[in-house]
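**Student:** Structure for the following, please:
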Amino acid sequence: MALDIVIMAAGKGTRMKSRHPKVLHQLAGRSLLGHVLGTTAQLGEHRCWVITGHGADAVESAIAGTGAVSVRQMPQLGTGHAIQQVVPHLADGGAEGGTTLILNGDVPLIAADTARALAQACGGERLALLTIVLDDATGYGRILRSGDAMGGRVLGIVEHKDASERQREIREVYTGMMAAPTAALKRWVAALKNDNAQGEFYLTDIVAMAVAEGVPVVATHASDDTEVLGVNSPLQLADLERRFQRRQADALLEAGVRLADPARFDLRGTLAAGQDVEIDVGCVFEGAVTLGNEVRIGAHCVIRDAAIGAGAVIHPFTHIEGASVGAGALVGPYARLRPGAVLGEQVHIGNFVEVKNSTLAKGAKANHLAYLGDATVGERVNYGAGSITANYDGANKHRTVIGDDVHIGSNCVLIAPVTIGAGGTVGGGSTISKDTPAGQLSVARGKQVAVAGWTRPVKTKKG
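**Tutor:** Numbers count the residues shown, from 1 in each chain. Have a look, this model is predicted:
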């Protein structure tokens, strides 16, 4: 059976008070629309249409390469008008029938199982509505049934702004998502009228049309309100962010991860953690992060697209991006590992040390105030405080190679390309621009002199 998925993403989102389209605002590091597209990707073979309008260029650019096709709604005259724009593209499935599943681009956490159940409830024959019972139904369209019981036949939907006082007491609401027989949907939206308080074409009016035709109208229920909550303001976005983060935190806790405070935890991607992992407060994980067994993450670290080996300790306020940390390594506090940093086992990277596109072998140490860029560092190297690799000549990057068991003194400058021979020592304050021999002391600094009789300048008195 043919399945078309239509995602409503044309709204302006005035209450967001933003220049950006509402559906492109971020939730857990991903756009609202991106979350919905991620859900649809789990629904098997289908065609996906995104209705764009406000900020159409930006929205269409954001969905490029996803397989979804955009259809513009200009001007925006309501949800029914939006579906009228996509109707010519929908496949009715012929004799087998077709289903059109309609989702909202600003309702990001709809579960794949819920969306799938909605499409299956339609089955190309019934009009299926996704509903939920809310304590506060303000702003939502109310489900009208025969009788007062939830089991009564669905007769229609009334929008909040058009509802009577008695109808506003109804707690079962329409979530804005439905699945309809495609052939019937085409017929119904063609007959929509805009004789309502807003002068808009309401998609919800098709419910009464289905009832009038004798087409069964069924309701499926969302598992919880979080998956059907829409975002219309920064306040709602922040609330949904915390709900989503708490859901992720609870899943990690159930898997055995120790979170110091699940309310102060942010996962904006995926996190795979081994046994006995401990994560302190205020940490942010982005992209794909892997933590080995018994890893400890200190407070307020930001870790993106990284793999942390078993037993490693990441001290507070450390930033790691695109890096690999070996087993038993110690990093931070206040360290920064940039893309291409690869730390071997038992490596120590201390406070205010930055490592970029460099490999440090087992047991190497850079404990204080240092920079390693485009470097290959051998085993057991001790890299002194204040030392840097001068890897950029203003046009090109060059590599520094430091052999095993080298000792680099404090405040040294290693001007790449250069090789420091294994077992060698570089005296503190040296500027090294030539390869150094293995096992020897290399010193390159100005001669110290004392100037007899010299006195400091004094300020000239004015006037």
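**Student:** Please export the C-alpha coordinates of stretch 234-242 as CSV.
**Tutor:** The C-alpha trace of stretch 234-242 is given here as CSV (Å, rounded to 0.1, in the frame of the first residue of the first chain):
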residue,chain,number,x,y,z
PRO,A,234,11.1,29.7,23.5
LEU,A,235,9.4,28.8,26.8
GLN,A,236,7.8,25.7,25.2
LEU,A,237,11.1,24.8,23.5
ALA,A,238,13.0,25.0,26.8
ASP,A,239,10.4,22.8,28.5
LEU,A,240,10.5,20.2,25.8
GLU,A,241,14.4,20.3,25.8
ARG,A,242,14.4,19.4,29.5
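**Student:** any idea how far residue 1 is from residue 235?
**Tutor:** Going from residue 235 to residue 1 by CB to CB, to the nearest Å gives 41 Å. For glycine as for every other residue, the C-beta is placed from the backbone atoms N, C-alpha and C.
**Student:** More neighbours: those two, which one.
**Tutor:** residue 1 (15 against 10; other CB atoms under 10 Å).
**Student:** Now the terminal residues of stretch 5-23, how far apart.
**Tutor:** 17 Å (CA to CA, to the nearest Å).
**Student:** in that stretch, what counts as buried?
**Tutor:** Within stretch 5-23, the residues that count as buried by 16 or more other CB atoms under 10 Å are 5, 6, 7, 8, 9, 10, 11, 13, 16, 21, 22, 23.
**Student:** quick one: the helices in the protein?
**Tutor:** Per DSSP state H, the chain carries helices over the ranges 32-40, 56-62, 79-86, 112-122, 182-190, 206-213, 234-254.
**Student:** helices or strands next to the shortest one in the packing?
**Tutor:** In this structure, helix 56-62 packs against helix 32-40, strand 47-52, strand 69-72, with contacts taken as 3 or more CB pairs under 8 Å, 6 or more residues apart in numbering; DSSP states H and E.
**Student:** Ok, which of those comes nearest residue 131?
**Tutor:** Within the helices and strands packed on helix 56-62, the stretch nearest residue 131 is helix 32-40; the backing value is 18.3 Å (CB to CB).
**Student:** pLDDT on that closest one, on average?
**Tutor:** Helix 32-40 comes out with an average pLDDT of 98.
**Student:** chain center to it: distance?
**Tutor:** 12 Å (CA atoms, centre = their mean, to the nearest Å).
**Student:** quick one: buried residues of that helix?
**Tutor:** Buried positions in helix 32-40, judged by neighbour count with 16+ other CB under 10 Å: 32, 33, 34, 35, 36, 37, 39, 40.
**Student:** Any chance of a markdown table for the residues you listed, columns distance to residue 442?
**Tutor:** Shown next, in a markdown table, are those (distance: CB to CB, whole Å):
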| residue | distance to residue 442 |
| --- | --- |
| 32 | 58 |
| 33 | 58 |
| 34 | 54 |
| 35 | 57 |
| 36 | 61 |
| 37 | 58 |
| 39 | 61 |
| 40 | 62 |
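**Student:** between those, which is nearest residue 51?
**Tutor:** Using CB to CB, residue 33 is the member of the buried residues of helix 32-40 that lies nearest residue 51, at 11.0 Å.
**Student:** Let me see the ranges of the strands in the stretch 51-200 of the chain.
**Tutor:** Counting by DSSP state E, counting those that start in this stretch, the stretch 51-200 of the chain has strands at residues 69-72, 98-104, 127-133, 141-145, 154-158, 172-181.
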